[in-house]
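# Need the 3D shape of this:
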Amino acid sequence: MADVFDADEVRAAEALDVEIDRVLAGRSGPATEPVVTWLATAIRVEPPPTLAARIEHEHARREAARWRPVQVAAAALGALLLSQGIGNLVNGEWVARGIGEGFSPHTMREGGFALIGLGVAVAAGVFRRSWLPVSVGAGVPVGVALGINGISEIGHFAAGALLHTSEGLAAIALGILWWRARYARGLDDEGGA
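Next up is the predicted model:
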């Protein structure tokens, strides 16, 4: 036996459905039936306080994973620049002999201090992600220039060629990884990690 509804009941039920949809979508007004508003808000469950902590923890984990390769590249380039600066201070005469130039203690000492300072600036991004732009801005141009300069030392001064080409490769890696982490966030997956 089929139930029969009259037209007024059907219209009232359809109007109630429209009103419920409007309230659930967040568009209730002063004419909204109070019972509908109460029922719509009663079914909303407050998230547990631990949910926000879990979300923040997961976000921090993904951010750390995204920036870790950049920090490793900054550490590598910073270490190479520091080692070159210390080498200039400690063994500058050997470097001058290796490249076939006259030894100038003053120039070698000042260059060593400059390279140590640059190495520290580049390595700063390892300790704070907010300092990575300094690492990139200071290290990439100099590292690439040293890498290009190192090409001329191939076959002439192997230690210098190895050091400078390593600096150049580390600088290129730092620049690419930083750009990728900074600007290409959504390319890997929907999470951007």
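# what residues does stretch 127-142 touch?
By CB atoms under 8 Å, 6 or more residues apart in numbering, the residues outside stretch 127-142 that reach it are 63, 67, 70-71, 74, 77-78, 81, 118, 121-126, 171-172, 174-175, 178. No exception for glycine: its C-beta is placed from N, CA and C like everyone else's.
# Now, of these, which are buried?
Neighbour counting with 16 or more other CB atoms under 10 Å marks 67, 70-71, 74, 77-78, 81, 118, 121-126, 171-172, 174-175, 178 as buried within the contacts of stretch 127-142.
# can you tell me which of those residues are in helices?
Those of these mapping onto helices are 67, 70-71, 74, 77-78, 81, 118, 121-126, 171-172, 174-175, 178, per DSSP state H.
# packing partners for the host helix or strand of Leu89?
Take DSSP states H and E as the rule and Leu89 turns out to sit in helix 49-99. Packing contacts for helix 49-99, counted by 3 or more CB pairs under 8 Å, 6 or more residues apart in numbering; DSSP states H and E, involve helix 105-127, helix 132-151, helix 158-183.
# possible to save those helices as CSV with distance to Glu46 and mean pLDDT?
Below are the helices and strands packed on helix 49-99 laid out as CSV (distance: least, CB to CB, whole Å; pLDDT from 0 to 100):
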stretch, distance to Glu46, mean pLDDT
helix 105-127, 39, 94
helix 132-151, 38, 94
helix 158-183, 35, 94
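# quick one, what contacts Ser28?
By CB under 8 Å, 6+ apart, the neighbours of Ser28 are Arg22, Val36, Thr37, Ala40.
# give me that answer again for 7 Å
Under the criterion of CB atoms under 7 Å, 6 or more residues apart in numbering, the neighbours of Ser28 are Arg22, Thr37.
# Repeat that for Leu118.
Leu81, Ala138, Val142.
# now do 6 Å
Each residue near Leu118 by CB atoms under 6 Å, 6 or more residues apart in numbering is listed here: Leu81.
# Give me the buried positions along stretch 55-69.
Neighbour counts over stretch 55-69 (16+ other CB under 10 Å) mark Arg66, Trp67, Pro69 as buried.
# Using a markdown table, please lay out the residues you listed together with distance to Glu110.
Formatted as a markdown table, the buried residues of stretch 55-69 follow (distance: CB to CB, whole Å):
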| residue | distance to Glu110 |
| --- | --- |
| Arg66 | 38 |
| Trp67 | 34 |
| Pro69 | 33 |
